[in-house]
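>>> sequence first, then the predicted structure:
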Amino acid sequence: MFRDSRWRLASLALLVLGLGSAAGAQEANPAPIKDAGGELSIHGFGDWRYARTDGDNEVLSGAPGGSYTFAHLGVAFAKEVNSRLRLEAEALFAGEEHDIDLVYAFADVRLSSRASLRVGQVKQPFGLFSEVVQVGTLRPFIALPQSVYGPSGMAPEAFLGAGLTGQAPLGARWNMQWDAYAGGQNLEEKHAAEEAALGKPVFAEEFVLRSRRNMVGGRALFETPIEGFRFGGAAYSAEELEGSRHNTAIGSIEYVRRPFEFRGELIHQSASGDLRSTGWYAEAAYRLDTHWQLAGQYDHYTVDLLEEPEGTPGPASLREHREGILGVNYWVNPTCVFKVNYSRVDGNRFALPAEDAIAASIAAGTLRPKTNLIQFAVQFAF
């Protein structure tokens, strides 16, 4: 996000890299840096992928003939100013695009032992992964499910404004994590498939920046007496500039207790006169031993476009995404993992030829609705 604001982030990037280099020069896993105001904690994560598709379609970082260009480095730091104030920020360095993105930057003011006020560009509390989208060591697959966390404009990483967050014990063995927030959003959407489905010219740019305002939202996530089992829901409503109000809700369920992991989420978005979209996924993973893990996932997404077509509507596959994924992981340790994923994609909502070839492919009737994707990645955190 925010590809046009890299000049504003240059000083932040230099600061983060400088601090990281100074700390890393002393030891591989640096301890927090202490100063008169408290502790400065620095953490990071990295991700490199090779991905290849068959045919002409591109999906995620995969391309015909194979792509080696996906590389991300994220650096997050937090400053304990005093017992009531904490400052947090994260910058993402995208190797394939040479971009620097500000993921979040906010002040956390402790109001009590169970509640805080967050102000700035804040991690959006929505779903199981919206606050850790880029951290590959926190999930069994290389990428998050496209149905929920893909470029469809439903699950942004951050909001701009203010929010309350806290914990609420519910009896002796239950606990609720809650959030309430208001402000705006900036997010990227991949709209080529929707434009083609309506018979419109396809955007020259792969991603389109959308801005939303007058947003209100909240989340409740319940920790249960069953170890590793939690569930909850979240929702927000936001007005798109020069567009409709988008209402989005998600339900989440998760059970994680070695050697098993089970997760599922269902998301729905509606905008009057614009669209209705629904996505869901279910996944399971099993640890064979300390290092090896097997995983499987099914991912499903459909969108109904409520606008009147401008030309001849494209094929129905442009509004659909169904994907089955098999994964094999080798965990060097909990902070470094090698992953191999095979995906069978049915639909063109997220799997399309390059933008300049989409219209010709549809006109010639050669658009392929099925795509095979193979990915290899190393993901780590420090």
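Yep, it's here. Numbering: from 1, shown residues only.

>>> what bridges to A285?
E261, A295 (DSSP bridges).

>>> just give me the neighbour total for it.
20 (other CB atoms under 10 Å). Yep, even glycine has a C-beta here, placed from its N, CA and C like the rest.

>>> OK, contacts around it?
P140, F260, E261, Q293, L294, A295, G296, G327 (CB atoms under 8 Å, 6 or more residues apart in numbering).

>>> any of those buried? List them.
When the contacts of A285 are checked for burial by 16 or more other CB atoms under 10 Å, the buried set is P140, E261, Q293, A295, G327.

>>> closest to E58 out of the residues you listed?
Relative to E58, the closest of the buried ones among the contacts of A285 is G327; by CB to CB it sits at 20.4 Å.

>>> what about that closest one, which helix or strand?
Using DSSP states H and E, the element containing G327 is strand 320-333.

>>> okay, buried residues for that strand please.
For strand 320-333, by 16+ other CB under 10 Å, it's E320, H321, R322, E323, I325, G327, N329, W331.

>>> okay, strands next: where are they in the stretch 251-382 of the chain?
Listed in chain order, the strands of the stretch 251-382 of the chain (DSSP state E, counting those that start in this stretch) span 260-271, 275-287, 292-305, 320-333, 336-346, 370-381.

>>> okay if I get those strands as JSON lines plus distance to R114 and mean pLDDT?
What follows is these, written out as JSON lines (distance: least, CB to CB, whole Å; pLDDT from 0 to 100):
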{"stretch": "strand 260-271", "distance to R114": "26", "mean pLDDT": "97"}
{"stretch": "strand 275-287", "distance to R114": "32", "mean pLDDT": "97"}
{"stretch": "strand 292-305", "distance to R114": "35", "mean pLDDT": "97"}
{"stretch": "strand 320-333", "distance to R114": "34", "mean pLDDT": "98"}
{"stretch": "strand 336-346", "distance to R114": "34", "mean pLDDT": "98"}
{"stretch": "strand 370-381", "distance to R114": "28", "mean pLDDT": "98"}
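
>>> between those strands, which one is nearest to G199?
With CB to CB as the measure, strand 292-305 is the member of the strands of the stretch 251-382 of the chain nearest G199 (10.6 Å).

>>> can you list the low-confidence ranges for the stretch 151-300 of the chain?
For the stretch 151-300 of the chain, the stretches flagged by pLDDT under 70 are 203-206.

>>> got the contact list for the strand holding G327?
Residues outside strand 320-333 that contact it (CB under 8 Å, 6+ apart) are 140-142, 146-147, 150, 279, 283, 285, 290-303, 337-351.

>>> any idea of the angle it forms with strand 370-381?
Counting by axes from the mean of the first three to the mean of the last three CA atoms, to 10 degrees, strand 320-333 lies at 30 degrees to strand 370-381.

>>> L117 is in contact with G161, isn't it?
No. If you go by CB atoms under 8 Å, L117 and G161 don't touch, sitting 11.3 Å apart.

>>> who's more crowded, those two?
Using other CB under 10 Å, the more surrounded residue of L117 and G161 is G161, with 20 against 15.

>>> what helix or strand does that one sit in?
Secondary structure assignment for G161, by DSSP H and E: strand 158-170.

>>> output that strand as CSV - backbone C-alpha positions only.
Output in CSV follows, covering the C-alpha atoms of strand 158-170 (Å, rounded to 0.1, in the frame of the first residue of the first chain):
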residue,chain,number,x,y,z
ALA,A,158,-4.5,-1.2,8.8
PHE,A,159,-6.9,1.7,9.4
LEU,A,160,-6.2,5.4,9.9
GLY,A,161,-7.8,6.8,13.0
ALA,A,162,-8.4,5.7,16.6
GLY,A,163,-9.5,2.6,18.4
LEU,A,164,-10.0,1.0,21.7
THR,A,165,-8.6,-2.5,22.4
GLY,A,166,-8.7,-4.7,25.5
GLN,A,167,-9.3,-7.9,27.4
ALA,A,168,-12.4,-8.9,29.3
PRO,A,169,-12.4,-12.1,31.5
LEU,A,170,-15.6,-14.0,31.2
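
>>> pairing partners for that strand, with directions?
In the sheet, strand 158-170 lines up against strand 115-123 (antiparallel), strand 174-189 (antiparallel) (DSSP bridges).

>>> so which of those strands is nearest A51?
Nearest of those to A51, taken as CB to CB: strand 174-189 at 19.3 Å.

>>> got the buried residues for the closest one?
Within strand 174-189, judged by 16+ other CB under 10 Å, the buried ones are M176, Q177, W178, D179, Y181, A182, G183, Q185, N186, L187, E188.

>>> return the distance of that strand from the chain's centre.
14 Å (CA atoms, centre = their mean, to the nearest Å).

>>> just stretch 250-257 next, same as before
Put simply, stretch 250-257 sits 16 Å off its chain's centre (CA atoms, centre = their mean).

>>> residues making contact with that stretch?
Here stretch 250-257 has contacts from 126-128, 148, 155, 221, 226-235, 261-268, using CB under 8 Å, 6+ apart.

>>> only alpha carbons, please: show it as CSV.
What follows is stretch 250-257, C-alpha atoms only, in CSV (Å, rounded to 0.1, in the frame of the first residue of the first chain):
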residue,chain,number,x,y,z
ILE,A,250,-16.2,-12.1,9.1
GLY,A,251,-16.5,-15.1,11.4
SER,A,252,-13.4,-17.1,12.5
ILE,A,253,-12.7,-20.3,14.3
GLU,A,254,-9.3,-21.9,15.1
TYR,A,255,-7.9,-24.9,17.0
VAL,A,256,-4.1,-25.1,17.4
ARG,A,257,-2.6,-27.7,19.6
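
>>> spatially speaking, which residue is in the middle of the protein?
In the chain, the C-alpha nearest the mean C-alpha coordinate belongs to V133, at 3.7 Å (CA atoms, centre = their mean).

>>> thought that one was touching E157?
Yes. With contact defined as CB under 8 Å, V133 and E157 form a contacting pair (5.3 Å).

>>> where along the stretch 1-150 of the chain do the strands fall?
33-35, 38-53, 63-64, 67-80, 85-94, 99-112, 115-123.

>>> thanks a lot, see you next time.
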